[in-house]
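Asker: mind folding the following:
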Amino acid sequence: MNRFPSAAIAAFAMAMTLSPAWADGDPVRGQRAFGACAACHSLEPDRNMTGPSLSGLWNRKAGRLPRAQQPGGMGGMMGMGSGTVPNLNKLDPEDRVRTIARCRDTYRVTTADGKTRDFWERNLRFKTDSSNDGPEKGAPAIVPAGMMGDRADVILAGPEEISQLVRNEC
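Answerer: Residues are numbered from 1 along each chain as shown. As a prediction, this is how the structure comes out:
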């Protein structure tokens, strides 16, 4: 006996009864869901970040926005940003790293505003920026990375600061 047709009919009937709820939408849920996208996508026209601006998304064919270029002309995933480098020596407390403790496979990053976040060791990257726009010595920056908010870059003034900042502590 084949049960597929009756199961398919039941699923279709259930979907049809739920569709009015979908039509109305849930703006609060939508805003929460967009939070995962907002780290990479802007809603402002012509403001491309890691991902393209979502302004005017409806009725726009995929891949039609001009590709943003990083300095040096790199394209692809590394070149999808706006091409501007943030000034990391003028940081808000939530963007300035105070301490980093490492226990087994987890880094605990505490920022100057007193908040602590855990990152799995492969989701936290250490970078340096010794330019005029880089962070001040002893005041590393933390910059969100990734779509889900589970990744970040810690940017230091120089490589010697890594061993000074990270301490093993369980």
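Asker: quick check: residue 48 is in a helix.
Answerer: No. Assigned with DSSP: H, G, I helix; E, B strand; the rest coil, residue 48 falls outside any helix and is coil.
Asker: domains of this protein?
Answerer: Structural domains annotated on the chain: 4-79, 93-168, as defined by automatic domain parsing.
Asker: mean pLDDT for the ones you listed: which is lowest?
Answerer: Lowest mean pLDDT of the domains of the chain: domain 4-79, a mean of 63.
Asker: next one: residue 157 from residue 94, what distance?
Answerer: 19 Å (C-beta to C-beta, to the nearest Å). C-beta: built from backbone N, CA, C; applies to glycine.
Asker: show me which of these two is the more surrounded one.
Answerer: Neighbour tally, residue 157 and residue 94, criterion other C-beta atoms under 10 Å: the higher count belongs to residue 157, 20 against 11.
Asker: isn't the more buried one right next to residue 137, touching?
Answerer: Yes. Between residue 157 and residue 137 there is a contact at 4.4 Å, judged by C-beta atoms under 8 Å.
Asker: the chain: helices as residue ranges?
Answerer: 4-24, 27-38, 160-165 (DSSP state H).
Asker: what does the second one rub up against?
Answerer: The contact list for helix 27-38, computed with C-beta atoms under 8 Å, 6 or more residues apart in numbering, reads 51, 54, 147-149.
Asker: out of those residues, which is nearest to residue 44?
Answerer: residue 54 (9.2 Å; C-beta to C-beta).
Asker: what number of residues lie near the closest one?
Answerer: Residue crowding around residue 54 was assessed by other C-beta under 10 Å; the count is 19.
Asker: distance check, the spatially closest residue to it that is not a sequence neighbour against residue 106.
Answerer: In space, and not counting its chain neighbours, residue 54 is closest to residue 41: 4.9 Å by C-beta to C-beta, 6 or more residues apart in numbering. Per C-beta to C-beta, residue 41 is found 28 Å from residue 106.
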